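Asker: next comes the sequence, and after it the predicted model I'd like to discuss.
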Amino acid sequence: MEEEAFNSNRQEATENMEDEFSRTRAGFQDAGPRRPPPSGTNQPGNHPLGSDPGLRHTPTPATTAYRPTEDQRSAAAEYIRKKCPTVADMPDAYLAGQNIDAVVRAIKQEEANEAATGSKNLEMKMHTNFKKAVESPVMVCAGMDNRADTLHPGRYIAAAGITVQQHWREGRKNWGPMGVPTISNYDMEAVGASGCITAKGWDALHHPGSPDICLKYFSVANVGQAASGARMVQLLGEEGISVSDNMKEVADMGELKLALRNLLRASRQAAYWNYSFEVLEGFLVAQDYLEKELSNIPKKAAIISNFVDHVLKTNAARYVQEAEFLDATRLASTWTAWWGARKTSSSHSSHNNSSGGRQNNPTYNNSSSFRGNNKGRRNNNGGNFNGGGRQNQWRNNFNSFQGGPEPRFSGPPSAENICRRFNEGKCQNQASSCVVPNTRPPLRLYHLCNWLIKKDGEKKSELCKQRHRRINHEDFIKSD
């Protein structure tokens, strides 16, 4: 008898539980009598999630007036799952049938637990948000955009969580090899760079494949210079002349850092996807602006500026070739190769210039001989004396003894500072000791090819500037 009573009670409890699962908070079907809940249990309508709801009270007409549809119950269950992930595996009928107070308490408890877990849970949340964004793409509708008062909403959608090289490739795909039309109507005053970018700087940013980009375009010292319309004229021998902007090179480290910061601020407004400049600046900051490698170099700013220009032009060429820009790893190897070649040449030149001191300099012991030999007629072919390399070597030794500045180049290789006697096979000087006499400070001459190469389909010509003589140039031999 006891076993039969136990089985009967268990069957009735099971039926009541199944009936509880099948009804919602307001959708009671039958109005049959129910047993009152046991003493000490929660009152009807206040059963928290996961607890035994017990037996319901007899519904009233007010509780049966509204019967939610199946879709509404599913929507309610889905909402509870989003707010309370811990109950996501429970059935829709059970979740939709919970008392609203119980749902609110469960949501608050879930939020409290989430806040207590700290940054780890926040990282998981950020990962989940990115996963949802990938799985739920946003429709970007077609629209008008004039870069001024009519802006497409696509400019302001959430940022893409991709690599900077992916930004570079997508920018190249959308801008094309020729870039976009140049404008300068950007609010640079708000970012503290008003009047710091030259017109050529803006043009280079809008044409990422332009080989003319260089750091001096973003120097404040050149803004007024460019606006004044000053020009520098260079003679190109029989072929004609070259006219270029007379802009100042970066002179010190403070000016270099400011020019680089101006470049970053301008690129962020003109081409936000181009992170190549920020990678370059990050490399220099991480290397402490190459302080270790250039600690004993007097003109460190000029060397770093030349290296920055080399990287900018290399990235411009890679843009045209649809290749990735130089990242931090490639920048390190590029610097090693670039500076290694120049360090060897610089040390060799310093050794030659310092070898003519007071003890080893015969000219010092016989200054009249120096003055007498200095009367030779000056030759127009590269600025060398008729006496050949010995006269230049004497002048180098004399300058070294007098404590004067070391010979330097007047600028990048051009028809004016490339040795013509070298190209004719007559110069007896080494590349490190070939200078123009009677100048203060002494100016060095490049031992590079000055053959003019004409580009196909263009009227302009460019100097070869390779490390060989003009008379050995393949095109020169063919012309003869």
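Answerer: Looks like it arrived, so ask away. Residues are numbered from 1 along each chain as shown.

Asker: which residues does stretch 293-309 contact?
Answerer: 213-216, 249-253, 255-256, 260, 280, 284, 289-290, 335, 338-339, 342 (C-beta atoms under 8 Å, 6 or more residues apart in numbering). (C-beta placed from N, C-alpha, C; glycine too.)

Asker: let me fix that, I meant to ask about stretch 278-292.
Answerer: 164, 253, 256-257, 260-261, 264, 300, 303-304, 308, 311-312, 325-328, 331-332, 335.

Asker: now list the buried members of these.
Answerer: The neighbour count (16 or more other C-beta atoms under 10 Å) marks 164, 256-257, 260-261, 264, 300, 303-304, 308, 311-312, 325-327, 331, 335 as buried among the contacts of stretch 278-292.

Asker: span of stretch 93-100 from start to end?
Answerer: End-to-end distance for stretch 93-100: 14 Å, by C-alpha to C-alpha, to the nearest Å.

Asker: quick one: end-to-end length of stretch 111-129, please.
Answerer: Span of stretch 111-129 from end to end, C-alpha to C-alpha: 17 Å.

Asker: do stretch 193-213 as well
Answerer: 19 Å.

Asker: and Ser194, what does it touch?
Answerer: Ser194 touches Met188, counting by C-beta under 8 Å, 6+ apart.

Asker: and it, helix, strand or coil?
Answerer: coil (DSSP: H, G, I helix; E, B strand; the rest coil).

Asker: compute the number of surrounding residues for Pro208.
Answerer: 28 (other C-beta atoms under 10 Å).

Asker: can you tell me the SS state at it?
Answerer: coil.

Asker: which non-adjacent residue is nearest it?
Answerer: Nearest residue to Pro208 in three dimensions, chain neighbours excluded: Tyr319, at 4.6 Å (C-beta to C-beta, 6 or more residues apart in numbering).

Asker: can you flag which of the contacts of stretch 278-292 belong to helices?
Answerer: Using DSSP state H, the subset of the contacts of stretch 278-292 located in helices is 164, 253, 256-257, 260-261, 264, 300, 303-304, 308, 311-312, 328, 331-332, 335.

Asker: follow-up on the earlier one: just confirm the residue nearest to Pro208 is within a helix.
Answerer: Yes: counting by three-state DSSP, Tyr319 is part of a helix.

Asker: so Pro85 touches Glu110, yeah?
Answerer: Yes: using C-beta atoms under 8 Å, Pro85 is in contact with Glu110, at 7.4 Å.

Asker: neighbour-wise, which of these two wins?
Answerer: Using other C-beta under 10 Å as the criterion, Pro85 and Glu110 rank with Glu110 on top: 15 against 12.

Asker: pLDDT (mean, whole number) over the host helix or strand of that one?
Answerer: If you go by DSSP states H and E, Glu110 is part of helix 100-116. The pLDDT scores in helix 100-116 average 78.

Asker: got the buried residues for the following helix or strand past that helix?
Answerer: Heading C-terminal from helix 100-116, the first helix or strand you meet, by DSSP H and E, is helix 119-135. Residues of helix 119-135 include none that count as buried (16+ other C-beta under 10 Å).

Asker: which elements pack onto helix 119-135?
Answerer: For helix 119-135, not one helix or strand is in contact under the criterion 3 or more C-beta pairs under 8 Å, 6 or more residues apart in numbering; DSSP states H and E.

Asker: so how far is Ala415 from Arg467?
Answerer: Relative to Ala415, Arg467 is positioned 17 Å away (C-beta to C-beta, to the nearest Å).

Asker: give me the more crowded residue out of these two.
Answerer: Each of Arg467 and Ala415 has its neighbours counted (other C-beta under 10 Å); Ala415 has more, 17 against 10.

Asker: just checking, the more buried one touches Leu463?
Answerer: Yes: using C-beta under 8 Å, Ala415 is in contact with Leu463, at 6.6 Å.

Asker: now for the two: what residues contact both?
Answerer: Between them, Ala415 and Leu463 share the contacting residues Asn450, judged by C-beta under 8 Å, 6+ apart.

Asker: just to be sure, Glu78 is in a helix?
Answerer: Yes: assessed by three-state DSSP, Glu78 belongs to a helix.

Asker: so what pLDDT did it get?
Answerer: Predicted confidence (pLDDT) for Glu78: 86.

Asker: contact partners for it?
Answerer: With C-beta under 8 Å, 6+ apart, Glu78 has no contacts at all.

Asker: mind checking how far it is from Pro85?
Answerer: Counting by C-beta to C-beta, the gap from Glu78 to Pro85 is 12 Å.

Asker: and Ala133, by the same measure?
Answerer: 18 Å.

Asker: how about the contacts made by Gly411?
Answerer: Asn417.

Asker: how about it, phi and psi?
Answerer: Here is the backbone geometry of Gly411 (degrees, to the nearest 10): phi 160, psi -170.

Asker: do Ser461 as well
Answerer: phi -130, psi 150.

Asker: am I right that it is in contact with Ile453?
Answerer: Yes: between Ser461 and Ile453 there is a contact at 6.3 Å, judged by C-beta under 8 Å.

Asker: next, the buried residues of stretch 283-303.
Answerer: Phe283, Leu284, Gln287, Tyr289, Leu290, Glu293, Leu294, Lys300, Ala301, Ala302, Ile303.

Asker: against Ala204, how distant is the second one?
Answerer: What that stands for is Leu284. 19 Å.

Asker: next: the first one.
Answerer: Separation of Phe283 from Ala204 (C-beta to C-beta) stands at 20 Å.

Asker: got it, and the last one?
Answerer: Counting by C-beta to C-beta, the gap from Ile303 to Ala204 is 22 Å.

Asker: over to the fifth one?
Answerer: Relative to Ala204, Leu290 is positioned 24 Å away (C-beta to C-beta).

Asker: where's Glu462, which helix or strand?
Answerer: Assessed by DSSP H and E, Glu462 sits inside strand 461-463.

Asker: actually Ala323, not the one I wrote
Answerer: With DSSP H and E as criterion, Ala323 is part of no helix or strand.

Asker: tell me the phi and psi of Trp338?
Answerer: Torsion angles, degrees, to the nearest 10, at Trp338: phi -70, psi -50.

Asker: quick check: it touching His310?
Answerer: Yes: counting by C-beta under 8 Å, Trp338 does reach His310; the two are 6.0 Å apart.

Asker: show me the helices in the stretch 1-150 of the chain, by range?
Answerer: All helices of the stretch 1-150 of the chain, identified by DSSP state H, counting those that start in this stretch, fall at 2-22, 70-83, 92-96, 100-116, 119-135.
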